[in-house]
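J.: Pasted the sequence and its predicted model underneath.
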Amino acid sequence: MSQFPHIKLPLQNKLTFTANPVNVVPLPDGEILMNFASQPLITKLNANLEIVWEKIIQGKNTNYVSSKLSASSDGRLMAIAGMTDMRILDAEGTKVLHTVEHSSWGWFLGAACYFSRDNKTIWFVLPGEENETDTLQVMDAATFEVIAAYPLLESQQYTYGFHATPDNDIILLEAAAGEDKSIQMQLQLTDGAIVLTELTQCDDAIMGNFSPSGKECVMAPHYDGPLTIYSFPEIARVAAQEQEAIFDGSKDFPAAEPDNINYSVFFVDDNNILVVSQFGRLLLLDRKDLRCKAEVRPEGIEFTAYNLDGNPTTNPDYIFDYSSNIINVMIVHDKLLLTTGEGELRSYGLPV
């Protein structure tokens, strides 16, 4: 008998690419934008994951490194943040409207741009020179004039991520230094100046998302800490659950290495939270007690057991851990989207 009841999700749509998708950006009318790990390409998909158009990214494509893609909520503008520049393009990706050149980010560092909810401003981070800080800047989305700036953290140490909140005037900024630490900050633009508040109560927590009610957000542990729930707008810790209690031994996946949270947690609705595990499992937690109520099993997702040397094994005495073919998990347009190791983008209904 399985450790948890299973919720089977039938596949709705699937699209296979020649390179792994790295950014999936929502657009109006259920459409999405994507870019890829090893190709200077942007692809627009409709709500059924059918290709609307594909465009080669204009600009510097020599020795291409995947850029960070974002778009305005009205679909009028998109932004491409690369290693040495940031570009604002029109909705069709054919015209570069503005470019900001900067010194090169280190590998895996930098930040996607963020379009404010009202689409009036664009927020982005520039790398600092040696012995300086990275810099947060805010640009007018109509004139592309920089209207505010703020010094951040020591240069070339962090990957940054912007997160919208239920309050249109408040943004969260996350700074992650690999496996070392994660820092959460609250941003506001007040009287033309950036107001930054470091959320020390969220140290080493990784942002998930907000509940549909907007009253809470869920965060994953950076390493071995608990899953945590914070109230909004207070950002006060109101609930937590240790990982051992969530997995309770991983009885369905016996291994030398225990399963744990793999940085990703999401409110599905106000009463249910989805956890992505290190083994590639999707566990559904009850918000009331933060205990697992079911394991979500999307169609077409498979697991492989590995031994200590990282080789596949079927011998239960030598299983060190497991891995599924899931790469990334997202909730976009009220759908569960998965990218896989086969270069696929898969869509499913939500598990509740």
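T.: Structure received. Numbering: from 1, shown residues only.
J.: what residue ranges in the stretch 1-150 of the chain score low on pLDDT?
T.: 1-2, 58-65 (pLDDT under 70).
J.: Mind doing that once more with 80?
T.: For the stretch 1-150 of the chain, applying pLDDT under 80 flags the ranges 1-2, 37-38, 57-66.
J.: And the stretch 151-300 of the chain, by the same measure?
T.: If you take pLDDT under 80 as the line, the stretch 151-300 of the chain has these spans: 178-180, 249-251.
J.: which residue ranges form the strands in it?
T.: 159-164, 171-177, 181-190, 193-198, 205-210, 216-221, 227-231, 237-241, 261-269, 272-277, 282-286, 292-298 (DSSP state E, counting those that start in this stretch).
J.: Direction included, what does the fifth one pair against?
T.: According to DSSP bridges, strand 205-210 has the following sheet partners: strand 216-221 (antiparallel).
J.: Run the chain-centre distance for the partner strand.
T.: 13 Å (C-alpha atoms, centre = their mean, to the nearest Å).
J.: what's that strand in contact with?
T.: The contact list for strand 216-221 (C-beta atoms under 8 Å, 6 or more residues apart in numbering) reads 165, 184, 202, 204-211, 227-232, 238, 243, 261, 263-267, 273, 275. From N, CA and C alone the C-beta is placed, and that goes for glycine too.
J.: Name only those of the residues you listed that count as buried.
T.: 165, 184, 202, 204-211, 227-230, 232, 243, 261, 264-267, 273, 275 (16 or more other C-beta atoms under 10 Å).
J.: right, so of the strands of the stretch 151-300 of the chain, which gets closest to residue 312?
T.: strand 272-277 (18.8 Å; C-beta to C-beta).
J.: same for that closest one, what does it pack against?
T.: strand 261-269, strand 282-286, strand 292-298, strand 326-332 (3 or more C-beta pairs under 8 Å, 6 or more residues apart in numbering; DSSP states H and E).
J.: Same list (these) but as CSV, adding distance to residue 311.
T.: Shown next, in CSV, are these (distance: least, C-beta to C-beta, whole Å):
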stretch, distance to residue 311
strand 261-269, 21
strand 282-286, 25
strand 292-298, 25
strand 326-332, 20
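J.: closest to residue 3 out of those strands?
T.: strand 292-298 (7.5 Å).
J.: Taking strand 237-241 as reference, get the angle to the closest one.
T.: Computed with axes from the mean of the first three to the mean of the last three C-alpha atoms, to 10 degrees, the direction of strand 292-298 lies at 70 degrees from that of strand 237-241.
J.: What strands flank strand 292-298, and is each parallel or antiparallel?
T.: strand 6-9 (parallel), strand 282-286 (antiparallel).
J.: Return the most buried member of these.
T.: strand 282-286 (a mean of 20; mean count of other C-beta atoms under 10 Å).
J.: now that strand and strand 227-231, what's the angle there?
T.: Using the same axes, to 10 degrees: strand 282-286 against strand 227-231 is 50 degrees.
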